[in-house]
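# After the sequence you'll find the predicted model.
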Amino acid sequence: MHTQQLVIFAVIAVVFIGLMSWRLRRMMTATPFNPYRAWMIPLVFIAFTALSIYHAWPIGSMVLLWMALAAVVGAGVGWLRGKSISMTYNPASGQIFAQGGAMAMLFIVGLIIVRTAANIYLHTHDVSGIRPAEVDAISSVLGAGLFVARSIEMGLRGHKLLVASRGMTPSAPETV
C-alpha cells in the first residue's frame, strides 16, 4: 500500500469509528417510536435501490438471481435486527419507546464490514462477469430488504403494543 492509501484508510477509519460511537450512544437511549410512520425510512431505501437498479440496467438473469437472494437474506437479517430492538410502552405519555443495545450495534458494524469487504472484492475481481454497477444494485437490494423487514417487524410489534395498552383486541377482517 502507498502512503496516500494508508492516510485515506486512516481517515475513513476515524470517521467510521466516530460515527459508530455517536450511533451507539444514541442507540442506548430509548427514543420515541411511531409504528404508523415506520414505512418512511424504508421508502427512502427503496427509492435509492430503484435508482441503483436503473443505473445497472440491463441486468442479466444471474444478477437477478443474486438480487433475489440478497433480498431474502436482507429481509431475514432485517427481521432479526428488528427483533433485537426492545420496545416499551409508557402509559403516562401513551408513547412507545424503542431502544437498541450493544449487540445491535455490533450487528450493524459486522454487516457494514461484510458488505464493504464484498463490495471491494467484487469491484476488484471479475466474478462471473458481474459489473460494478450490478454489485452496487445487489448491495442496495440487500440493504432495502433489511430496512423494509426491520420496519415491518417493529411496526407490527409497535401496533400490538398500542392495541394491548388500550385493552383492545385486533379486529378481525369483516366477512360479508
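Here it is on my side, so go on.
# Verify the assumption that residue 89 is located in a strand.
Yes: assessed with DSSP: H, G, I helix; E, B strand; the rest coil, residue 89 lies in a strand.
# So residue 134 versus residue 62, what's the distance?
For residue 134, the distance to residue 62 equals 9 Å [CB to CB, to the nearest Å]. From N, CA and C alone the C-beta is placed, and that goes for glycine too.
# Mind checking which of these two has more residues around it?
residue 134 (25 against 12; other CB atoms under 10 Å).
# A strand includes that one, no?
No: counting by three-state DSSP, residue 134 is not found in a strand; it is helix.
# what sits against it?
Going by CB atoms under 8 Å, 6 or more residues apart in numbering, residue 134 touches 56, 59-60, 63, 66.
# Can you say which of those are buried?
Buried positions within these, assessed by neighbour count (16 or more other CB atoms under 10 Å), are 56, 59, 63, 66.
# The least confident helix or strand in the chain by mean pLDDT - contacts with which helices or strands?
Every helix and strand of the chain was ranked by mean pLDDT, DSSP states H and E. The lowest is helix 102-124, at a mean of 73. If contacts are counted by 3 or more CB pairs under 8 Å, 6 or more residues apart in numbering; DSSP states H and E, helix 102-124 sits against helix 3-27, helix 61-83, helix 132-165.
# Pull out the buried residues from the longest one.
Read that as helix 132-165. So for helix 132-165, counting by 16+ other CB under 10 Å, buried means 133-155, 157-158, 161-162.
# repeat for stretch 99-115
Here stretch 99-115 shows 100, 104-105, 107-108, 111 as buried, counting by 16+ other CB under 10 Å.
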